[in-house]
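Enquirer: Give me a 3D structure for the following:
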Amino acid sequence: MKLILGSQSKPRQRVLKKMGYDFEVVVPDIDEKAIRNPDPKKLVIKVANAKADDIIKKVSKEAIVITGDSVTVVNREIREKPETKEQAYTWLKEISQGVRLTQVSSVVVTNTKTNKRVHEAQEASVIFKDLPEQEVKEFVESGDVFNFAGAYAIEFDPFKSSIKELKGEMETIIGLPKELTKKLLKEIEYK
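Expert: Residues are numbered from 1 along each chain as shown. Below is the predicted model:
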């Protein structure tokens, strides 16, 4: 059965590829901002389910569909992708001061043949040491910052080289928890 990743996120695509899966990418078209919940785990599961619903409408053949969503939580504040450069700079300044970032990432796996769907959310956290100002500026000015929840991309420098402490799975912070994805694929009986 065909495997579909419902995400335009290059980091999620890289994680799934490194896991050894062959898959097709179908990009969901939903208004994530219209979906709200004060609980970060419930929020990312709701958004990922909405993405799955949208992808399933676009898929004509039987398939296994994987979707996900991520948010960053700082001092109980949910942070999605930054909306302005100013917001990104504010968040990145805070990150550089050693605040703990908790990344909450969901995985939803749907079997379109059986209509079985499983989902779960997982957390990981990171603390960064001082981030080099020039590299932060380049990251923001490139516009890449707008693609990442919390305004940071742990798999790239200056972030990767500035990790002070990491608790949990790196892939959870990237946006597709590896072990959770394997577990849910097994539950849905994908081989």
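Enquirer: For the lengthiest helix in the chain, buried residues please.
Expert: When the chain is parsed with DSSP state H, its longest helix is helix 40-58. Using 16 or more other CB atoms under 10 Å as the test for burial, helix 40-58 gives 40-41, 43-56. For glycine as for every other residue, the C-beta is placed from the backbone atoms N, C-alpha and C.
Enquirer: Ok, stretch 129-139 next?
Expert: Under the neighbour-count criterion of 16+ other CB under 10 Å, stretch 129-139 has 131, 136, 139 buried.
Enquirer: ok, now stretch 181-191?
Expert: Within stretch 181-191, the residues that count as buried by 16+ other CB under 10 Å are 181, 183-185, 188, 190.
Enquirer: Lowest-confidence one in the residues you listed?
Expert: Minimum pLDDT for the buried residues of stretch 181-191 is recorded at Y190 (91).
Enquirer: ok, that residue - contacts?
Expert: Each residue near Y190 by CB atoms under 8 Å, 6 or more residues apart in numbering is listed here: 1, 3, 64, 109, 111.
Enquirer: quick one: secondary structure of it?
Expert: What DSSP: H, G, I helix; E, B strand; the rest coil gives for Y190 is coil.
Enquirer: coming back round to it: off-centre distance for the longest helix of the chain?
Expert: 12 Å (CA atoms, centre = their mean, to the nearest Å).
Enquirer: In helices, which of the buried residues of stretch 129-139 appear?
Expert: 136, 139.
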